[in-house]
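Engineer: need a 3D model of the following:
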Amino acid sequence: MSQSLVTGLVLIAGYHGINLDKSVIKYKFSDKKGSFGVTQWILAAKEYSLHARLVSKSIDRLKFISFPALVLGEEGTIFILLQAKDNKYLIYDINEKNNKNLDENEFNAIYSGRIILVYSKKSISDKLQIFDFT
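Structural biologist: Numbers count the residues shown, from 1 in each chain. This is a model prediction of the structure:
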């Protein structure tokens, strides 16, 4: 799980125009046992001028969040939510390294309700920037 969290941070930071190195992040922010969890993720994001917050969101409220967002799924899965529209969900599966379109039932099976919302000053000021893989 910790490697997926680091990869998710690097990908989301890249969307916000911040280049990060996985090995530096893991070295600098891992705890004494060498693990990299949600707390370390949020601290690392803040270190690199990203505002990150772990929240609980019901599935029907996801269409109102800012994208991309890191989702902490069931059974320790981690993926990036790219879009939520008309009961369809576009995700990037970090482990399989590909995009998936899921309907509401498929998404509900893997969604735990916990999500890390991320924004930066750049993303707020650049309202014309669109993030879409379709």
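Engineer: what residues of the longest helix seen in the chain count as buried?
Structural biologist: Assignment by DSSP state H gives helix 2-15 as the longest helix of the chain. Residues S2, S4, L5, V6, T7, G8, L9, V10, I12, A13, Y15 are the ones in helix 2-15 that count as buried (16 or more other C-beta atoms under 10 Å). Where you see a C-beta, it was placed from the backbone N, CA and C, and this is true even at glycine.
Engineer: what about the last one, distance to Y48?
Structural biologist: For Y15, the distance to Y48 equals 13 Å [C-beta to C-beta, to the nearest Å].
Engineer: could you pull out the strands for the protein?
Structural biologist: 51-56, 69-73, 78-85, 88-93, 98-103, 111-119 (DSSP state E).
Engineer: who does the residue positioned nearest the centre of the chain form a beta bridge with?
Structural biologist: Central residue of the chain (C-alpha atoms, centre = their mean): L70, 1.8 Å from the mean position. On the basis of DSSP bridges, L70 is bridged to I80, I116.
Engineer: any chance of the buried residues of helix 2-15 in JSON lines, with pLDDT and distance to S120 too?
Structural biologist: Listed next are those as JSON lines, based on pLDDT from 0 to 100; distance: C-beta to C-beta, whole Å:
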{"residue": "S2", "pLDDT": "74", "distance to S120": "23"}
{"residue": "S4", "pLDDT": "89", "distance to S120": "21"}
{"residue": "L5", "pLDDT": "91", "distance to S120": "18"}
{"residue": "V6", "pLDDT": "93", "distance to S120": "18"}
{"residue": "T7", "pLDDT": "94", "distance to S120": "19"}
{"residue": "G8", "pLDDT": "94", "distance to S120": "15"}
{"residue": "L9", "pLDDT": "94", "distance to S120": "13"}
{"residue": "V10", "pLDDT": "94", "distance to S120": "14"}
{"residue": "I12", "pLDDT": "94", "distance to S120": "10"}
{"residue": "A13", "pLDDT": "94", "distance to S120": "9"}
{"residue": "Y15", "pLDDT": "92", "distance to S120": "9"}
